Structures are given as C-alpha cells and as structure tokens.
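> What follows is a protein structure lacking sequence information:
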C-alpha cells in the first residue's frame, strides 16, 4: 500500500486494504502516520494514534510534522524552563527535603555550609535533568495523556534535539559539582545519575520504587560527603524516603490511571488497583514507623519525636 498523503481542507485520506476513503477532521488537528502489522497504512489524528502501532514522529521532535512556531530567545527559554519543571517547584522541594535531612543528620546538626550549597545546587540541576529525561522517554505517550499533553516536548513547542541539549546542560552542571566532593561521594553520584536515567523506562510494575530510590539517593551521598562513610543509619533513612516517595507518587499517579490503563503504562496506581487506598494507608504507617526508628538510631531528641 502507499503512504497516506497529507490532509487537505480539514480532512485526511486513509488507505486500508487498498480502498481509499476520506475522513473529515476537526480544524487544526495534527495527523500522524501509523503502520499496522500487515500492509495497511493509516493517517489518524494524533490524539487517537494507538501507541502499540509504532506511531511515527519526525526526528526533530515535532508531533506529526507540526512546525514549531518561531519565537524569540525569551520564549525559547520559557519553553526550556517548563521542560525542566521550573514552573512547578514542588518536585524540587520533594527532592531537597530528604537530601537536607541527610546533610543535617550526617553533620550532627552543623554541616559544612559548602556541603549545603553543593547539595542544594545538585538537587536543582538533577531534578531538572530528570524531568527532561523523563519527557524524552515518554514523548510518544505524553500527547495521549490529558495531564501531560501540554508539556513542551509533547506539544511540539520543543524539539527532541533541543531537549537533548537542555538535558546535557543540566547534566554537565551537576557533573561540575562533583569537583567539590570527595571520591566516595563522587562514586555514589554515578548511582544517582543511573537512577535518573533508568526511572522513565518503567521496566517493571512499580516504577515509583525506582523514583523513590533516586529521590532518596542524596542521603547516602550526604553522609559520604560529611563523614567519608555511609553507615547503616544512612541506608535506614534512605529506605524511609523510598517508602515516602512511593506513597506520595502513587497518589499522584491516580490522576493518570485511566489513561495509563489505556496506554499500557505501568505504575503502582495501576498495580494496586482497587486496593489503592489500603496500600497507601499501609505505606503511610510504614513511613511513620520508619521515621521513628531512624530518629532513634540517629540520636534525635524529643523535639523530633514530638514532630
């Protein structure tokens, strides 16, 4: 069969089994080409393109060949900022809080200010890096999910090439911070980078566990930077934060569950199914017990326990 020609006058031509027929499309509908198993080639609206049929996206990252509107430098920087989620800082706080827990506990309440500055900058850079990598991995899924369809890469406002350049910029910035850390902390940073890259792959049914491991990785790094070692209590704090992240990201994933089920995307919200609220309650209970134990093992006093 041939390749479907570009749509004209608000419609598209579809070839199926050798028969051509016209289908009207709404104005300003983006069309992508989908090859199904066999000989049929279909031109379908982007928001209806099935993800398991190898929807084709151009190498420049524009959805269905839709051109990226030219804009000034300020507009481009705005797109890059949104790509890195600088407009949604709550994710940065969720990564910074446990990292600073590790810094302060490792430093016995008086960490070196150079460590505080380096780890704070590292959180900002690595969170931005992780967001861009996540969007690159999900660029063929995000256009079909209501919550993510407007993201710069999913909407075509930013190309794949641009996103790769943005990710490289943040990654190199984080790499430069390793100059200020000791060898053990540098080796642990390799694990942080690996987790940031692996998480979007969603290779098993609970990707939130990988996210939690990444968000908690600043704790063993903080102990390494402050003390030159990673004691068992550091890994206890790490495990507590993993449970915390799985809990809150499961709640977050509930908003996308209907779309995830249609697209075959894995998450704990899908995995837990009808038992979602019970599992979240169990995770919250484990979190509270873990915080108490970690506080006791770290020698934290009554103010911590009361909080």
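Structure received. All values reported here derive from a predicted model rather than from experimental measurement. Numbering: from 1, shown residues only.
> Where does pLDDT dip in the stretch 201-307 of the chain?
Applying pLDDT under 70 to the stretch 201-307 of the chain flags residues 201-202.
> Who are the contact partners of residue 255?
Going by CB atoms under 8 Å, 6 or more residues apart in numbering, residue 255 touches residue 147. Quick note: C-beta positions are derived from backbone N, CA and C, even for glycine.
> Which residues are in contact with residue 132?
Contact analysis of residue 132 by CB under 8 Å, 6+ apart lists 83-84, 163, 166-167, 170.
> and if you look at residue 262?
By CB under 8 Å, 6+ apart, the contact list for residue 262 reads residue 144.
> In which helix or strand does it reside?
helix 257-263 (DSSP states H and E).
> Check which element follows that helix along the chain.
helix 268-272.
> buried ones in that following helix?
Within helix 268-272, the residues scored as buried using 16 or more other CB atoms under 10 Å are 268-272.
> tell me what that helix is packed against?
Packed against helix 268-272 by the contact rule (3 or more CB pairs under 8 Å, 6 or more residues apart in numbering; DSSP states H and E) you find helix 207-216, helix 232-253, helix 257-263, helix 276-297.
> Tell me which of those lies nearest to residue 115.
Nearest to residue 115, of all the helices and strands packed on helix 268-272, is helix 232-253, at 14.3 Å by CB to CB.
> Which strands or helices does that closest one pack on?
Secondary elements touching helix 232-253 (3+ CB pairs under 8 Å, 6+ apart): helix 90-106, helix 207-216, helix 218-227, helix 268-272, helix 276-297.
> Give me the angle between the longest one and helix 207-216.
Yep, that's helix 276-297 we're talking about. 30 degrees (axes from the mean of the first three to the mean of the last three CA atoms, to 10 degrees).
> what packs against helix 276-297?
Packing partners of helix 276-297 (3+ CB pairs under 8 Å, 6+ apart): helix 232-253, helix 268-272, helix 302-306.
> same thing but at 10 Å, please
Applying 3 or more CB pairs under 10 Å, 6 or more residues apart in numbering; DSSP states H and E, we find helix 276-297 packed against helix 90-106, helix 232-253, helix 268-272, helix 302-306.
> same question, the first one
The contact analysis (3+ CB pairs under 10 Å, 6+ apart) places helix 90-106 against helix 113-137, helix 207-216, helix 218-227, helix 232-253, helix 276-297.
> which one of the ones you listed is the most hemmed in?
Greatest average neighbour count among the helices and strands packed on helix 90-106 goes to helix 218-227 (a mean of 25), per mean count of other CB atoms under 10 Å.
> and the gap between the residue nearest the centre of the chain and residue 99?
Closest to where the C-alpha atoms of the chain average out (CA atoms, centre = their mean) is residue 134, at 4.0 Å. Separation of residue 134 from residue 99 (CB to CB, to the nearest Å) stands at 19 Å.
> now swap in residue 212 and tell me
With the distance defined as CB to CB, residue 212 ends up 13 Å from residue 99.
> any shared contact partners between those two?
residue 241 (CB atoms under 10 Å, 6 or more residues apart in numbering).
> and the two most separated of the contacts of residue 132?
It's 163 and 170 that sit farthest apart of the contacts of residue 132, by CB to CB, at 10.9 Å.
> Which residues are in contact with each of these two?
Both residue 163 and residue 170 are in contact with 80, 84, 132-133, where contact means CB under 10 Å, 6+ apart.
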